[in-house]
Structure formats: structure tokens, C-alpha cells
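A.B. asks: model the following, please.
(one chain, ligands or ions: 2)
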Amino acid sequence: MIKYQNVSKQYGKDSNSALKNVNLEIKAGEFVSFIGASGAGKSTLLKMLIGEAKPDRGGEIWIEDIRVDKIKSEFMPYLRRRIGVIFQDFKLLPSRTVYENVSLAMEVAGANKEEIKRDVPKLLDLVGIVAKSDRYPNELSGGEKQRVSIARALSHNPILLIADEPTGNLDKANTYEIITLLLKIHNSGTTVLLATHDQEVVDKLKKRVITIQDGEVVLDQEVGMYYI
Ligand SMILES: Nc1ncnc2c1ncn2[C@@H]1O[C@H](COP(=O)(O)OP(=O)(O)OP(=O)(O)O)[C@@H](O)[C@H]1O
Ligand SMILES: [Mg+2]
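C.D. replies: Ligands and ions are numbered 1, 2, ... in the order given. The predicted structure follows:
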């Protein structure tokens, strides 16, 4: 489903390579974690899937039969609608309620009123926040905010969910809950890609783990295990 072929990236002439000749294949329905130190290149790898970073030196990025790094800008919104993205800092609209944060995203993506009325409560229920539909983001805990951002990311039924350090601002209990939710989403058939610093998280997941170090894939394990 996803293919990185000879992917390298140097952000500036004088900077070090952010990625060095990465080759990876990810099948539809996989749950893959990328682990590595700060600056290793995890976000850069994920950004390439949504066109926010482009490989240099002839590298190629494929999602199904789409060559993402060569996609025409007018087609990017169509690709983006098939991909849900969640971030460490949630990126919720502060002046909108929980319900509105999800409904507005659906509206922008072209959903009609009936679809919105039908789907928003379902999505909020799925992530366990339906009781707080009328709250504003500043009235929520970090874990609750991340649930809303996951509901929003799922609102257009993505085939791929990208989670870049989604538990970076959360305590242990909330981290566990968000990871459990990502597993539930994966179990319903969505491909999930997770970037994290957190070895404990990948140990718990027991899914494929790719270790990135200085822009290179140094380890690709079918089931993550503790390493030093
Ligand atoms: N927009 C940018 N301009 C210049 N350099 C960048 C840019 N984005 C990332 N880099 C550099 O590329 C390298 C990889 O960064 P990246 O954000 O992919 O790492 P990361 O593994 O996601 O780190 P973190 O765990 O801190 O999020 C780093 O050296 C970083 O400084
Ligand atoms: Mg990052």
C-alpha cells in the first residue's frame, strides 16, 4: 500500500541529511510504529505521505498506485481526504465545541447536513467523548483533546491514519487509552502509522516497529521488542 523507494532528504544545502536512502514497504491494514530519537527523521517520513516534504535525489513515495511526490497540487486534496492525521498538539479550533470541531471538518470535506448529523455523534461515541460534545477544547484534558482530534481525523473514513507523536503531551494513563483507541481503529481495518519516542508504547503494541536513527532505517522488527 505504501512504498518508500530510495528516499533521501536534505532540507538545506548546509544541513545534514534528514533521511538517507530509505526503502520501506507497508501493507494495507498494517500497524507500524516508527521509533527514534528527536531529529531522527520520523516526522519527515510521515510528512512525505501528505506532500509536506518531498524526497530528493530521485526518491519515490507511493500510496497504492499514486506517486505522491509527483502528484499535481490540484489532486492533493483528494489524497488528503483518504488520510487522517493527528499530532502531538491536537490542533483543535479553540473557539469551537467538540461537536463543531468534528462537524466543521466534515463540512469542509463536502459532507451534507444529514451525513454530519448522523456521523458526528457516532464518531464522538467511538472515541468515548460524546458526553462532552458541547465543551470547548480548553475545558478538556489532554487525553480528551486527542480523542476529539482522532474523531476529526476519522470523519472522512480514511484508509490511512498517521499519528505523529500523539501521546507526546499525555501522561501514562492517557497514553495507554489513546494507544488502545489506535488499536481499535486498526482492528476495524485502517492502516495506522505511528511516530513515537516512547519505547514503552511500542513494547505494549506488539506490532511492527521500524527504528530510525540519523535518517536511516536501522531495524525493522515484525513485533517490537525491547532493545538497547
Ligand atoms: N522544515 C525543516 N527545515 C529544516 N530542517 C528540518 C525541517 N524539518 C526537519 N528538519 C531537520 O530534519 C531532521 C529530521 O527531523 P524530523 O522532524 O523528521 O525528526 P523527528 O524524528 O520527527 O524528531 P522529533 O522526535 O523531535 O519529532 C532534523 O535534523 C531536523 O532538524
Ligand atoms: Mg517529529
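A.B. asks: point to the helix or strand of the protein where mean pLDDT is at its lowest.
C.D. replies: The weakest-scoring helix or strand in the chain, judged by mean pLDDT, DSSP states H and E, is helix 76-80 (a mean of 88).
A.B. asks: check which element follows that helix along the chain.
C.D. replies: Using DSSP states H and E, the next helix or strand after helix 76-80 towards the C-terminus is strand 83-87.
A.B. asks: elements contacting that next one?
C.D. replies: For strand 83-87, the contact count by 3 or more Cβ pairs under 8 Å, 6 or more residues apart in numbering; DSSP states H and E identifies helix 142-154, strand 160-164 as packing neighbours. All C-beta atoms are positioned from the backbone trio N, CA, C, and that covers glycine.
A.B. asks: tell me which of those is the most buried.
C.D. replies: Scoring the helices and strands packed on strand 83-87 by mean neighbour count under mean count of other Cβ atoms under 10 Å gives helix 142-154 as the most buried, with a mean of 24.
A.B. asks: distance between it and the chain's centre?
C.D. replies: 12 Å (Cα atoms, centre = their mean, to the nearest Å).
A.B. asks: and stretch 92-103, by the same measure?
C.D. replies: Relative to the chain's own centre, stretch 92-103 is displaced by 19 Å; criterion: Cα atoms, centre = their mean.
A.B. asks: for that stretch, give me every contacting residue.
C.D. replies: Defining contact as Cβ atoms under 8 Å, 6 or more residues apart in numbering, one finds that stretch 92-103 is touched by 104, 116, 120, 123-124, 129, 132-138, 140, 145, 148-149, 151-152, 155.
A.B. asks: quick one, phi/psi of residue 61?
C.D. replies: With angles defined as degrees, to the nearest 10, residue 61 sits at phi -120, psi 120.
A.B. asks: before we move on, the earlier item: buried ones in the least confident helix or strand of the chain?
C.D. replies: Within helix 76-80, the residues that count as buried by 16 or more other Cβ atoms under 10 Å are 79, 80.
A.B. asks: residues in contact with residue 67?
C.D. replies: 60, 61.
A.B. asks: if we can go back for a sec, mind putting the helices and strands packed on strand 83-87 into TSV with mean pLDDT?
C.D. replies: Below are those laid out as TSV (pLDDT from 0 to 100):
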stretch	mean pLDDT
helix 142-154	95
strand 160-164	96
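A.B. asks: out of these, flag the one nearest ligand 1.
C.D. replies: For those, proximity to ligand 1 was assessed by Cβ to the nearest ligand atom; strand 160-164 is nearest, at 7.2 Å.
A.B. asks: next SSE downstream of the closest one?
C.D. replies: Using DSSP H and E, the helix or strand that follows strand 160-164 towards the C-terminus is helix 172-187.
A.B. asks: just for this protein, where's the confidence low?
C.D. replies: Scanning the chain for pLDDT under 70 picks out 224-228.
A.B. asks: what parts of this structure come near ligand 1?
C.D. replies: Residues of the chain lying close to ligand 1 by Cβ under 6 Å from any ligand atom are 11-12, 15, 18, 36, 38-44, 165, 197.
A.B. asks: helix/strand/coil for residue 18?
C.D. replies: Assigned with DSSP: H, G, I helix; E, B strand; the rest coil, residue 18 falls in the strand class.
A.B. asks: tell me, what residue is most central in the protein?
C.D. replies: residue 162 (1.6 Å; Cα atoms, centre = their mean).
A.B. asks: enumerate every residue touching it.
C.D. replies: Residue 162 neighbours (Cβ under 8 Å, 6+ apart): 46, 49, 50, 83, 84, 85, 86, 193.
A.B. asks: thanks a lot, catch you later.
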